[in-house]
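Engineer: Sequence isn't available, so here's the structure alone:
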C-alpha cells in the first residue's frame, strides 16, 4: 500500500522510511468530521471541494464555541495524533454567506508549534434570505449551518519521514 523510501550511506544498514499519511479531524460540540487520509503526503496536504462537511449551528455556538482541529497520521495499527488547535467561529459568523479563511496554529503534545491548518469555511443563516451575503448580528435566535469548503495543511514539522526499521 505504501511505497518505502530507501536510503543507504556508505558502510551503514539500509533504512526504510515512509512519508506520513495525513488526515484532519474537525469537531464542534458533538459533531465530528474527518478528511480522507492522504497517502505519503509528508508535511503538506490539501483537501478541496469538500462536500457534506456541514452541521447545524445557532448564534450561541458562533459566539461561544471553538472549532477544534486535530492532525493525525494514519498507521496500520494505531493512528498517531500529531497536533491540535482551535479557532473561534465569530469571524465566519459575522460574515454570513461568505467564504472566510482562518489560519489555525497547530501544537504538538508538548505545546510546541508544529504547523498551520488553513480552513476555508462559511456560515449560512437560515433566518435570512438564501442569497444574503454580508454582515449580520449573531444573536442566539440565529439558526443556520456551518460548512467547511477547503482545508490546507502546511509546514507540519517532524513529519517528513517516519522511521520504520532497518535491514542489516
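Structural biologist: Noted; the coordinates are in hand. Just so you know, these numbers come straight off a predicted model, no measurement behind them.
Engineer: tell me which element the residue most central in space within the chain is part of?
Structural biologist: Most central in the chain under Cα atoms, centre = their mean is residue 24, positioned 4.0 Å from the mean C-alpha point. Taking DSSP states H and E as the definition, residue 24 sits inside strand 22-28.
Engineer: After that strand, which helix or strand is next? Please name it.
Structural biologist: strand 31-34.
Engineer: other SSEs contacting that next one?
Structural biologist: strand 22-28 (3 or more Cβ pairs under 8 Å, 6 or more residues apart in numbering; DSSP states H and E). C-betas here are computed from N, CA, C, even on glycine.
Engineer: Just give the closest residue to the residue nearest to the centre of the chain, not the sequence neighbours.
Structural biologist: Computed as Cβ to Cβ, 6 or more residues apart in numbering, the closest residue to residue 24 that is not its neighbour in sequence is residue 35, at 4.7 Å.
Engineer: mind listing what's buried in stretch 68-78?
Structural biologist: Going by neighbour count (16 or more other Cβ atoms under 10 Å), the buried part of stretch 68-78 is 68, 69, 70, 71, 72, 73, 74.
Engineer: Tally up the residues packed near residue 44, please.
Structural biologist: Look at residue 44: counted by other Cβ atoms under 10 Å, it has 14 neighbours.
Engineer: Is it in contact with residue 153, as I believe?
Structural biologist: Yes. When contacts are counted by Cβ atoms under 8 Å, residue 44 is listed as touching residue 153 (6.2 Å).
Engineer: and which of the buried residues of stretch 68-78 is nearest to residue 105?
Structural biologist: Of all these, residue 69 has the smallest distance to residue 105: 9.9 Å, by Cβ to Cβ.
Engineer: list the helices and strands the helix or strand hosting that closest one packs on?
Structural biologist: According to DSSP H and E, residue 69 maps onto strand 66-73. Other helices and strands packing on strand 66-73, by 3+ Cβ pairs under 8 Å, 6+ apart, are strand 22-28, strand 80-88, strand 100-107, strand 113-125.
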